[in-house]
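>>> Predicted model follows, preceded by the sequence.
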Amino acid sequence: NAGVTQTPKFQVLKTGQSMTLQCAQDMNHEYMSWYRQDPGMGLRLIHYSVGAGITDQGEVPNGYNVSRSTTEDFPLRLLSAAPSQTSVYFCASSQRGTGGQPQHFGDGTRLSIL
Amino acid sequence: TQLLEQSPQFLSIQEGENLTVYCNSSSVFSSLQWYRQEPGEGPVLLVTVVTGGEVKKLKRLTFQFGDARKDSSLHITAAQPGDTGLYLCAGDSGNTGKLIFGQGTTLQVKP
């Protein structure tokens, strides 16, 4: 059982380049989210999805796009990379439900924009 | 905008000491979760609290949800070097799956 798988683990980009961070989960979870983690700021929600075909913005969506064509996959696209997007990106998934369903996180993608 | 203020941000203590981490907000949350994160890995859930006043224990860790569901605390008794890591609180305001995270507390326990 792989859980949440993120690829790549590391990436270096030049300013202005575009790329897609991949996220896949094999737990049949309905909810999926993307966060970025910066020193001293915890995790901030970029985009999330409550099911295939449904996405919405989080706290810091500018510069990022998402789509959810299947339950399993939730890719994050950087349209034109900027140094301010240097960060560690985490994908998470959880079941729909009440009572604070636990989020399952991938191991992150460490992204540097030069 | 909902905010979760977590304190302290850094804590360095000796093995055997006790400590408390606080997570405060002016907003009400339907549930609050505590995660622990090791370097190079994603956060891993420790506990979820959903009822005002609820107390949960996990070995030497005690978690409490405030009566008004606006704050929470994590107390560690007799800390050990294995407790070293980043502790994060996260709140969900409406069972939406959208979590608001605190800034995190980096704990170092020296042997």
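Perfect, I can see it now. Residues are numbered from 1 along each chain as shown, chains lettered A, B, ... in the order given.
>>> Do you know the pLDDT at the residue nearest the centre of chain A?
The residue lying closest to the centre of chain A (Cα atoms, centre = their mean) is residue A:34, at 2.7 Å. pLDDT, residue A:34: 96.
>>> and it, what does it touch?
When contacts are counted by Cβ atoms under 8 Å, 6 or more residues apart in numbering or on different chains, residue A:34 touches A:21, A:23, A:45-48, A:58, A:64, A:66, A:74, A:76, A:89-92. C-beta coordinates here come from the backbone N, C-alpha and C atoms, glycine included.
>>> Now with 6 Å, please.
Neighbouring residues of residue A:34 by Cβ atoms under 6 Å, 6 or more residues apart in numbering or on different chains: A:46, A:47, A:76, A:91.
>>> Then residue A:103?
Going by Cβ under 6 Å, 6+ apart, residue A:103 touches A:92, A:94.
>>> do the same with residue B:106
B:10, B:86.
>>> Could you pull up the mean pLDDT of the helix or strand encompassing it?
Element membership for residue B:106, per DSSP states H and E: strand B:105-110. Mean pLDDT, computed over strand B:105-110, is 96.
>>> Which positions within it qualify as buried?
B:105, B:106, B:107, B:109 (16 or more other Cβ atoms under 10 Å in any protein chain shown).
>>> The residue nearest to the centre of chain A and residue B:98: what is the separation?
In this view, residue A:34 and residue B:98 are 11 Å apart by Cβ to Cβ, to the nearest Å.
>>> try residue A:93
13 Å.
>>> Comparing those two, which residue is more hemmed in?
Neighbour count, other Cβ atoms under 10 Å in any protein chain shown: between residue A:93 and residue B:98, residue A:93 has more, with 28 against 19.
>>> list the contacts for residue 35?
All of this refers to chain A. Residue A:35 touches A:43, A:45, A:90, counting by Cβ under 6 Å, 6+ apart.
>>> other chain: chain B
Residue B:35 touches B:43, B:45, B:88, counting by Cβ under 6 Å, 6+ apart.
>>> Can you tell me how far the nearest residue to the last one once chain neighbours are set aside is from residue A:12?
Right, the one you point to is residue B:88. Once flanking residues are discounted, residue B:88 sits nearest to residue B:35: 4.5 Å by Cβ to Cβ, 6 or more residues apart in numbering or on different chains. Distance, residue B:35 to residue A:12, by Cβ to Cβ: 28 Å.
>>> Up against chain B, what does chain A have?
Contact residues, chain A versus chain B (Cβ under 6 Å from any Cβ of the partner chain): A:31, A:40-43, A:48, A:90, A:94, A:98-100, A:102, A:105-108.
>>> Packing partners of the worst-scoring helix or strand of chain B on mean pLDDT?
Lowest mean confidence among the helices and strands of chain B (mean pLDDT, DSSP states H and E): strand B:99-101, at a mean of 90. When contacts are defined as 3 or more Cβ pairs under 6 Å, 6 or more residues apart in numbering or on different chains; DSSP states H and E, strand B:99-101 sits against strand B:85-92.
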